[in-house]
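Asks: Predicted structure and sequence below. I'll ask about it afterward.
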Amino acid sequence: MTRVFKIPSVCLMLWFTLVLQATATPVNVPPEGVFAGHKLIDDWNIEQADTFIDTLIKKFPESGDVHFLKARVEFLKGNYEYAVKILKQVGESHSEVRDLKQLVHDTHKATKSFVARESEHFIYRFQQGPDEILVHYATEVLEKSYEVLGKLLNYYPEEKVLVEFYPSREPFSKISPLTLQDIDTSGTVALCKYNRIMMISPGSLVRGYNWMDTLSHEYTHYLLTRKSKNNLPLWMHEGIAKFYEARWRNGDEYLTPIMGTILARGLKKDYLISLDQMMPSLAKLKTAEDVQLAYAEVSTMIEHLTQTEGDKIIPALLDELANGKSFDEALSDLLGKSLDTFQDEWKQFANQKNIKTIPGLKLPGIQFKADRSSEETDKEYREVGNRKSQDLTFLGDILKSRNFIKSALIEYQRAVDQSETFSPILHNKLAKTHFIIKEFDKAEILLKKSLGHYPMFHTTLASMGELYFSTDDMKRSRDYYERAVRVNPFNPFAHIRLMAVYEKLGLTEEKELQAELFGYID
Amino acid sequence: MEQQAHIESFLNRVRRLRSQTLVLSGTYNLLIYIIGSYLLACLMAWVYPPAVERTGLAIGIFLAGLVYIVFNFFIRNLFAHFSRDDAALLTESTYPDLNNSLINSSQLGRSLEGSKQASPITLEFIHELHRRTAPAVKKIDPSSVIDRSGRTRGRNYLLATLSSLILIALFIPEFLTQGYEHWVNPKSPTQVSKLQPTEPGPVISEATDTDYSIESLELTLNFPSYTGMKTESVKASDGKIHVLPGTEVEISARTNAPVAGADLVFNGKDNFAMSKENEVALKGSLLVKEKGFYQFRVKTSQGNKHLIAKKYPVTLGKDRPPSIVLFLANPKPVYFNTDKVQLFYEGKDDFGIKSVELVVFINGKIKRLPVKKFKHGEKSAKDSHTWTLAQMDIGPGDEVQYYLEIKDNDNVLGPNTGQSEAYSFTIFDSAEEMENLIAMQEELTEKMIALLATGLVKGASLKDQPGNLTGWKQLFTTSADELIEIVTLAQRIHDRGKTIDQFPQPYLNLLKNITSGLSNIRKNQIDVLNDLQEKLFKPTRAKLEAPSTYTSINNQMIGHLENDILFLIKMTNKQKLARMMGLEEELNELTQTLREEFEKLKDKKSPPGTNELKNKISKIRETLQKIMDQLSRQTQSTPDEFLNPNAFKRLNMEKFSASLEKMQDLVNRGKLEEALEELKKIAEDMQLLANQLNRADSEADNFIDPEIMEVLNNSIKKLDQLKDGQQKLVEETTKINHALRQQQAKQFKNELNELFEDLLRDVNAIRELFKEDNKYLEEHEVMKQLHKLIDEETRLNRKVRELSQATVDANRSQEQDQHFNKLNKARRGQARIMQEKDSLRVNEIQRFKEALPQLLEKYDSLNELAHLKDLTEFANLFKKTYPDVLRWQNNMRTTPNLRENLSGKIDEDLKQATRHNNEIAKKLGSMIRSIRKNFDSSISRKQKQKLEQLAKQENQMREQTEALSQQFEQLNKENPMIPPELQRGMGKTGRHMERAEKNLRQQNINESIESENLALQGLNDTRDMLQQMKNSQGKAGKVQKQVSRKLGTGSNPDSRRGGSARMRKEQVLLPSEDQYQAPKEFREEILNAMKKQTPKDYQRMVMEYYRDLVK
């Protein structure tokens, strides 16, 4: 979803050279050597950096600079324990060294109990337990992304890419520059940083999230960093990643209805996030709405770019950047116009795009579980519109629990009428109540409407699956349940239903696979 | 030499040990002998009293034994020489294996010290002997040589003797004291003479020349000191003695012929010498302790003794046991454990009270609490005692029974005791009550939900059928029926909730709002039903359309129910959560203690005190069970409203039970480490529960949302402004009034003096009239007859109540029949009395007589006010007083068949009083009118302008007040936790302001000030109410936290317990008349207490409590 923009390499390397010269043991390591080492690491050119530093170590086995470089490389390779060991030999007189030590230590601590699985081009690490289910789906998305994005960007990583799933947001916040508040505000649940992809398990969220697209999004960041040698500006990083995030499943929709609505509103009111404001990270923007607006802006910029210049423009730009050209220079050379002109054109493009505004749409918000081990249902009333509609929804729930179905329907309908925003939760409640009295048509209309607004809302997908299951339309039920488990693979009911659907459809292999997956979370 | 020294040392130790053993044995025997002798002596005095006369012999025998023991154990043994050789021989006798080597060594050892030549045995031999003997001796324990069996036996005997002594001292102490007394003062055990007993002389049975007889007798009775009675002399007595035990009777007798001496013979066996005053006058004394008779035995001049045949009876009076009556100012079936029970008592005894104690049974255990001790032999006592329950070890739910016990000061035969009637009560269990209330709230919620469902569905369908009047009728009929049940239940919860602390004011407000709001809606529904009824019977009904009012009334109900349900569920959840949190905290503490216990045991490495641990584990199990029960109950009943049941899937009692059993087993096997691990696992699971509870607590909504809270805050500010404005307005008006009054006071000084002189004359005339009436009625014969009949009626009423109760309590039908017969008889008596009372024809006059003191009191006050020359107060009081006189006058005239002579007199007096009243009214009226006229005319133009300006200000404030009132009304609709009193209070304040404004415009300054003050008061009250509500908002949310510390334990101090404010307002119940007649001063106290404000539904609550108890 986002990444922290790299610190200008030159400054950083200069600093490292000066500082580490001062902190190093009195061994004369040529500054150029140290500089080159850091440069390679910053470019995520890990393989070359590793070879280079190994030669330095042979020459200067007593050098603190070289050991520090070695520790950085090992950390980026995911060898945290080894990195900790090496860093013990390096003095702590400078805060940057201390910071790295702290980061490596925290990462090592958070991942100590992780186990690893591998696919053809990826290594997955996770805490043993239910999160193992993610490997199956992650392999699907990432291997497809490897092919699709590799073709688009003309880049295929040689080494296996490391992907880590963190069981909850707490360890995730410790191993990344994001605080818990950043995570809650921006809804950031994944990062591509330190030469790896890190993600919070959807199992720690109440309704899961669109984690498969997110994974592909983060992989795009990985490719962009590697290919551009970490020279691509943040806004374009995010724009390309967003624009391509659904390509792995042959999807070309990148702008969700809510993002579209926010962008349209922003364009209308002339409230936009400037490219400068997006620094140092989109996750650091003030509100979740701003984050969505920024994504909508940059992704539509990429759409505009690819529409006018074709898909090849992206790898070409990345090559230019990797060759050392500045971004403005490269852009100007390739497009024949400045960034400002490009932005002006984009505004025109965006205004002409006629993006649909759906009134009452609201960001669904990310709801983390308080305790992953407990099977808790979410207290979701706060997400249902205004106070009055919350109360009416609650009353509807109460009436339904006492089997006063018709009266519950009335209350839910009143809640919908009272609500100023569109609530997928409320629509699901209303639809499910229609189920009970076999009013499937009404339920279908409601759910489809809801899905149109919130296409990745797990509850709606599962409800749709259940609707078709109840009406014996197994194929459609399968489609929706499959989509539902992809958003939240931790919903046992969806797995059970899928198994039943596969059985009815005579898909034995799929059923067995589903049973195996269900085994991870049962 | 070393060996020799060792042998000698051994023998010395044997000698020393022997001496110690002998001394110890001797001491034991000596003590046994002394104690045994004493016990034997007492026994002798008890079973064979004449033995006490052989004191010398007894002492002789005792001393002989003593000397023997001392000689045998101390002198003989200690002073007899016991040499080393003797010690050696003693050792040899115990250890024959020594083969005389020890004695030889001892004896030959001396040779080493003497001349070497003198000894026939070589030194080498002796050394060799020593060398061989010494090792054998080393192995011997000197104490084993001494025979200690005698010492052990002696010790055992001594212990047995001492035990006997202690037991006797504990259970029959008089055996020891009286035994001693008898030996020290050898007298008859039942009769004591101050004179020395005489030896019984030869009684002459044969006829003598003189026939002796007693000519006259005089008795002087010296009563026991505790009675406090004075000495009594009975001149020319017939000799019969009837006194209290312990009385000393001095007897003076005169014989018919000269005698040489005389004795008193009691019961034909005990003799007491009499002193001789002269030839025929004798004097002696008896200490009476038992009944019987006494005789005189005279001694002739020849020395013969002659027993006079006549016997004089001695009978014993009785010291009656004391009696005590307990009065309760406020008997209640249930008390808080911090309450104070006020006890009034009246005790009596014929000779004096020693003490009063409160005897309490708590769960079968008895406790005695001293109430009062009497030092001066008071014969009666009236006092009160405050019994502080907090000082007792009692907990919620405990049954307490109590009564007062009184003891008299009889020190001759020991104190007599008396008891009051026993009462009982239960200690209030707020946790249990809370549990019940929660269950009731859930029932209420369910009823409301059901009604809401009906209203929603039927209302929606009827909305589309405008002509379906029958449908509307059915809907409103059902709703009205269900609403009455809901309202009644809400009212019950409200009333019971008031009594416990977990129900803060906002909760009560909610219930009150539910009650009042739904009652109003029901009323509207009934009106609509009547309307519908009419329309349905009209022939044109098919054309009628359902008016929108039907929908509106149904919607009104739906809206109200929705709001009520939401808040009621919130409230119930908070209460449930509090209970859960309380239990969870309790469990946490228990687990913590157990863990500490394990840690301690682990450190000490000592075997665990399994019982203690077992108890703790059991306690944990109990608390866990409670939590599980609560969880399953609460989550099952209302899955959507309370805690998420899925969150607790991991927690189940079976699993906990297994863990606890395992833990117990591990403890028993001493595997504390593993037990601790098991405990940690349980604690981890409990942590999950704690997290969920904390989360639920933090997520729980506040009852008053931030928007409303802001409105409340603004309202407080607004009210403060209004208050300041009103205060200034009052001050301004008062200032004008003061200036005018001062001006008037100067002008009317003389007129007022004259007026009050006149008024005083009239008032006093009326007072005299009424005083005379009172006296007349008091002394009238017919009225006296009526009083007697009233007394009789009271007695009969009491009897009827007693009999009614007895009839109810009777177990057998036969008994019941008897009681019924008596009851019928008593009721006939009541009817007869009623008839007799009616026949006197003075009932109304009696009522007038009863009312007279109050009437007089009012005229006394008027008299005082006239003296004080306070015109306003006088006029106010007079306004309230004169209608009373008119009322009585009317009553006398309209009551038929009154006794003419009495009613005529009273009627005439009342007429006169009315005439005087009219005079007073006229004078007062004309004075007030002229003052008013003067007042109005003396208002200056400037003052008028000022008043007009003030009226405008008042108008502005009234408008603001009305706006606030509307705002509060709206808030109340939105949030039923906002009390309707806010809106009412503001409405009332607005009306006061309106009146003040009107009076200001009309320049009625006095009336205006009154209204202004009332308005100010209203503003103050509303502001206080708002502030209180704002404060309690936080409290309502946190109240459960307190409960958690207190729940089940009552540890949370109930602010209303012990509780002054509530207690002061509680109704005071008089003790029933059938128990006793309370003494006057107590009655006054009780009556005063009754005057205090009483919650009107207290009695009903008590009744409900009882009804619930028997359910």
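Replies: Perfect, thanks for sending it. Residues are numbered from 1 along each chain as shown, chains lettered A, B, ... in the order given.

Asks: make it CA atoms for all contacts and neighbour counts henceforth
Replies: OK.

Asks: So which residues on the stretch 51-200 of chain A come close to chain B?
Replies: Within the stretch 51-200 of chain A, no position is adjacent to chain B by Cα under 8 Å from any Cα of the partner chain.

Asks: in the chain, which residue is closest to the centre?
Replies: As the question left the chain open, I've gone with chain A. Geometric centre of chain A, nearest residue: A:Thr214, 3.4 Å, by Cα atoms, centre = their mean.

Asks: You answered for a different chain; I wanted chain B.
Replies: Note: chain B centre (Cα atoms, centre = their mean) maps to B:Val341, 3.6 Å.

Asks: Can you tell me how far the nearest residue to B:Pro980 once chain neighbours are set aside is from B:His127?
Replies: Distances taken as Cα to Cα, 6 or more residues apart in numbering or on different chains place B:Asn972 nearest to B:Pro980, at 6.2 Å, with adjacent residues excluded. Separation of B:Asn972 from B:His127 (Cα to Cα, to the nearest Å) stands at 119 Å.

Asks: A:Ser299 against A:His237, yeah?
Replies: No - using Cα atoms under 8 Å, A:Ser299 is not in contact with A:His237; the gap is 9.5 Å.

Asks: more crowded one of these two?
Replies: A:His237 (27 against 24; other Cα atoms under 10 Å in any protein chain shown).

Asks: Figure out how far the strand or helix carrying that one is from the centre of its chain.
Replies: A:His237 is part of helix A:234-244 when elements are defined by DSSP states H and E. Centre-to-centre, helix A:234-244 and its host chain are 12 Å apart (Cα atoms, centre = their mean, to the nearest Å).

Asks: what is the mean pLDDT for it?
Replies: For helix A:234-244, the mean pLDDT works out to 94.

Asks: where along chain A do the strands fall?
Replies: If DSSP state E is used as the criterion, the strands of chain A fall at A:114-118, A:122-127, A:161-166, A:190-193, A:196-200.

Asks: can you list the ones you listed in CSV and add mean pLDDT?
Replies: Formatted as CSV, the strands of chain A follow (pLDDT from 0 to 100):
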stretch, mean pLDDT
strand A:114-118, 95
strand A:122-127, 96
strand A:161-166, 96
strand A:190-193, 92
strand A:196-200, 95
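
Asks: Can I get the ones you listed in JSON lines including mean neighbour count and distance to B:Lys291?
Replies: Shown next, in JSON lines, are the strands of chain A (neighbours: other Cα atoms under 10 Å in any protein chain shown; distance: least, Cα to Cα, whole Å):
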{"stretch": "strand A:114-118", "mean neighbour count": "15", "distance to B:Lys291": "104"}
{"stretch": "strand A:122-127", "mean neighbour count": "21", "distance to B:Lys291": "102"}
{"stretch": "strand A:161-166", "mean neighbour count": "24", "distance to B:Lys291": "104"}
{"stretch": "strand A:190-193", "mean neighbour count": "24", "distance to B:Lys291": "110"}
{"stretch": "strand A:196-200", "mean neighbour count": "22", "distance to B:Lys291": "105"}
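
Asks: Figure out which of the ones you listed is closest to B:Asp263.
Replies: Nearest to B:Asp263 among those is strand A:122-127; the distance by Cα to Cα comes to 116.2 Å.

Asks: That closest one vs strand A:161-166, what angle?
Replies: Relative orientation of strand A:122-127 and strand A:161-166, computed by axes from the mean of the first three to the mean of the last three Cα atoms, to 10 degrees: 20 degrees.

Asks: Tabulate the CA atom coordinates of strand A:122-127 in PDB.
Replies: Provided in PDB are the C-alpha atoms of strand A:122-127 (Å, rounded to 0.1, in the frame of the first residue of the first chain):
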ATOM      1  CA  PHE A 122       8.700 -16.300  -2.900                       C
ATOM      2  CA  ILE A 123       9.500 -17.200   0.700                       C
ATOM      3  CA  TYR A 124       6.700 -16.800   3.200                       C
ATOM      4  CA  ARG A 125       7.200 -16.400   6.900                       C
ATOM      5  CA  PHE A 126       4.500 -16.500   9.500                       C
ATOM      6  CA  GLN A 127       3.600 -17.500  13.000                       C
END
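
Asks: if we can go back for a sec, what strand or helix carries the residue nearest to B:Pro980?
Replies: Going by DSSP H and E, B:Asn972 is in helix B:941-974.

Asks: for B:Leu176, same thing?
Replies: Here B:Leu176, judged by DSSP H and E, is contained in helix B:173-184.

Asks: who touches that helix?
Replies: Taking contacts as Cα atoms under 8 Å, 6 or more residues apart in numbering or on different chains, the residues outside helix B:173-184 that touch it are B:39, B:41-43, B:45-46, B:52-53, B:55, B:168-169, B:189.

Asks: Check which element follows that helix along the chain.
Replies: strand B:214-222.

Asks: Averaged pLDDT, stretch A:441-460. What do you get?
Replies: 93.

Asks: Ok, stretch A:282-291 next?
Replies: 84.

Asks: Using PDB, write down the CA coordinates of it.
Replies: C-alpha atoms of stretch A:282-291 as PDB (Å, rounded to 0.1, in the frame of the first residue of the first chain):
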ATOM      1  CA  LEU A 282       0.800   8.300   2.400                       C
ATOM      2  CA  ALA A 283       0.300   6.500   5.700                       C
ATOM      3  CA  LYS A 284       1.300   9.700   7.400                       C
ATOM      4  CA  LEU A 285      -1.500  11.700   6.000                       C
ATOM      5  CA  LYS A 286      -4.000  13.100   8.500                       C
ATOM      6  CA  THR A 287      -7.100  11.100   7.700                       C
ATOM      7  CA  ALA A 288      -8.100   7.900   5.900                       C
ATOM      8  CA  GLU A 289     -10.100  10.000   3.400                       C
ATOM      9  CA  ASP A 290      -6.900  12.000   2.600                       C
ATOM     10  CA  VAL A 291      -5.000   8.700   2.000                       C
END
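
Asks: can you pull the buried residues of it?
Replies: Buried positions in stretch A:282-291, judged by neighbour count with 16 or more other Cα atoms under 10 Å in any protein chain shown: A:282-285, A:287-291.

Asks: how distant is that stretch from the center of its chain?
Replies: For stretch A:282-291, the distance to the chain centre is 14 Å (Cα atoms, centre = their mean).

Asks: next one: phi and psi at the residue nearest to A:Leu223 when sequence neighbours are not counted?
Replies: Spatially, and ignoring its direct neighbours in sequence, A:Leu223 is nearest to A:Tyr155 (7.0 Å; Cα to Cα, 6+ apart). Backbone torsions of A:Tyr155, given as degrees, to the nearest 10, read phi -150, psi 130.
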